[in-house]
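**Student:** using only what follows, build the 3D model:
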Amino acid sequence: MDAETAIVARPGAGLTRGGLDHAAAARLVDAFLGGRNARTLRAYRQDLEDFRAFVAAVDLDDALNELMGQGQGAANACALGYKASLRDRELSPATINRRLAALRSLVKLARTLGLVGWTLEIGNAKARAYRDTRGPGRAGFLAMLATLDGRHDAKGHRDRAILRLLFDLGLRRAEVVGLDVSDVEAGTVSVLGKGREDRETLSLPDATAGALGAWLAVHPSGDGPLFTSFDRANKGQGRLTGAAVYYLVRRCGERAGLGNVRPHGLRHAGITEAVRLAQAHGFGLEEVLDFSRHADVKTLMIYRDRERNVQGRLAELVAGGADNGNKA
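**Tutor:** Residues are numbered from 1 along each chain as shown. Sure thing, here's the model as predicted:
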């Protein structure tokens, strides 16, 4: 009997005057997390743990009682306070909204299973989509690569290959660290994209294939994770973490005089370059979508509009018209 069936099997089970009992709360969490892929599961656990810390609960079961044990009004008030605390910590709108979505989904499941009769009504924080879709640009990327010139050690080859994948293929940080040696074949790499269940085979440009080949030639083990850590604990054997890629990119950006460059900034730069070249070579946005692997072409339109800078060009026309009017 799975966790969801265990709750439904006894209608009304787990309901007490003070809210959910511990057994029902534990089964609810199991049902909520069941069937998730490893990446989603890790993110949800982190989000729920953050809420537990906010309400100063001993464990997640007590946190759920804090949220659902006093009725809808109190629950919404609690969620509003949590939302305010996330803002006070200056977290990104995307992070705030993901954590609120986790709470809403959990309460919605509790309602589906008959444990409560209501849902949370707390809305998302307003997000500004892609405030900077350009990243460091092609020139900035080349400057970051140049910081590795003269490095012929294993770590230098590894870092060069990572930068290439982030920019040349527009890969996400999680996609890069999730690669295994077996995912790289002659001229291709198989990537498990965001929200995908199956790997997608991508063609490698010569420069990217060359960087990967140089790294694979000195790879510490020759199999397992494609990118490994060279810290004292792993000594080139353990999988490189997303945090390590973040610091790697930031360090190269600082050395190149670009300030704080993020891995996603390199992806932005690669996609912006793809949009620019597509316009020059007659490709449509739908075709660029194969490169960026976004779920919706509307996202690519943001890159296109920023690249064309329609607002700036119209502003120049408006300003020029105003000047002409003054002269008249």
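
**Student:** low pLDDT regions in the stretch 151-300 of the chain?
**Tutor:** Applying pLDDT under 70 to the stretch 151-300 of the chain flags residues 232-236, 300.

**Student:** an error on my part: the question was meant for the stretch 1-150 of the chain.
**Tutor:** For the stretch 1-150 of the chain (pLDDT under 70), the answer is 1-20, 127-134.

**Student:** now the helices: where do they sit in it?
**Tutor:** With helices called from DSSP state H, counting those that start in this stretch, the stretch 1-150 of the chain shows them at 3-8, 22-33, 38-54, 60-68, 72-88, 93-112, 137-146.

**Student:** out of the ones you listed, which one sits most buried?
**Tutor:** helix 60-68 (a mean of 22; mean count of other CB atoms under 10 Å). Every residue, glycine included, has its C-beta placed from N, CA and C.

**Student:** pull the CA atoms of that helix into CSV?
**Tutor:** Presented in CSV, the C-alpha positions along helix 60-68 are these (Å, rounded to 0.1, in the frame of the first residue of the first chain):
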residue,chain,number,x,y,z
LEU,A,60,8.3,18.8,9.2
ASP,A,61,5.2,17.1,10.8
ASP,A,62,5.0,19.9,13.3
ALA,A,63,5.5,22.4,10.6
LEU,A,64,2.5,21.1,8.7
ASN,A,65,0.4,21.3,11.9
GLU,A,66,1.5,24.9,12.3
LEU,A,67,0.3,25.6,8.8
MET,A,68,-2.9,23.5,8.6
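
**Student:** contacts made by it with the rest, please.
**Tutor:** With contact meaning CB atoms under 8 Å, 6 or more residues apart in numbering, helix 60-68 is reached by 18-20, 22, 25-26, 28-29, 48-49, 51-52, 55, 57, 75, 78-79, 103, 106-107, 110, 115-116.

**Student:** gap between that helix and the chain center?
**Tutor:** 28 Å (CA atoms, centre = their mean, to the nearest Å).

**Student:** what angle sits between it and helix 72-88?
**Tutor:** Here the directions of helix 60-68 and helix 72-88 differ by 110 degrees (axes from the mean of the first three to the mean of the last three CA atoms, to 10 degrees).

**Student:** now helix 60-68 and helix 22-33, what's the angle there?
**Tutor:** Using the same axes, to 10 degrees: helix 60-68 against helix 22-33 is 90 degrees.

**Student:** ok and helix 60-68 relative to helix 93-112, angle-wise?
**Tutor:** Going by the same axes, to 10 degrees, helix 60-68 makes 90 degrees with helix 93-112.

**Student:** I'd like the helices of the stretch 1-150 of the chain written out as a markdown table, with distance to Pro220 added.
**Tutor:** Shown next, in a markdown table, are the helices of the stretch 1-150 of the chain (distance: least, CB to CB, whole Å):
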| stretch | distance to Pro220 |
| --- | --- |
| helix 3-8 | 41 |
| helix 22-33 | 34 |
| helix 38-54 | 24 |
| helix 60-68 | 39 |
| helix 72-88 | 40 |
| helix 93-112 | 34 |
| helix 137-146 | 23 |
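
**Student:** for the residue nearest to Leu80 when sequence neighbours are not counted, what are its contacts?
**Tutor:** Spatial nearest neighbour of Leu80, chain neighbours left out: Ile122 (6.0 Å); criterion: CB to CB, 6 or more residues apart in numbering. Residues in contact with Ile122 (CB under 8 Å, 6+ apart) are 76, 79-80, 83, 100, 103-104.

**Student:** now the strands for the stretch 151-300 of the chain?
**Tutor:** Secondary structure of the stretch 151-300 of the chain (DSSP state E, counting those that start in this stretch): strands located at 184-185, 188-191, 200-203.

**Student:** closest to Gly242 out of the ones you listed?
**Tutor:** strand 188-191 (14.9 Å; CB to CB).

**Student:** burial count for Thr241?
**Tutor:** Neighbourhood size, Thr241 [other CB atoms under 10 Å]: 15.

**Student:** phi first, then psi, for it.
**Tutor:** phi -90, psi 160 (degrees, to the nearest 10).

**Student:** phi and psi next, for the closest residue to Leu165 other than its chain neighbours.
**Tutor:** Nearest non-adjacent residue to Leu165, counting by CB to CB, 6+ apart: Leu171, 4.8 Å away. In terms of degrees, to the nearest 10, the main-chain angles of Leu171 are phi -70, psi 150.

**Student:** how near is Leu171 to Ser221?
**Tutor:** Shown here: Leu171 relative to Ser221, a distance of 22 Å by CB to CB, to the nearest Å.

**Student:** and these two? Which one has more around it.
**Tutor:** Remark: of Leu171 and Ser221, Leu171 carries more neighbours, 25 against 10, as counted by other CB under 10 Å.

**Student:** hang on, the earlier thing: include mean neighbour count and distance to Leu91 when you put the strands of the stretch 151-300 of the chain into CSV, please.
**Tutor:** Shown next, in CSV, are those (neighbours: other CB atoms under 10 Å; distance: least, CB to CB, whole Å):
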stretch, mean neighbour count, distance to Leu91
strand 184-185, 14, 35
strand 188-191, 18, 28
strand 200-203, 14, 31
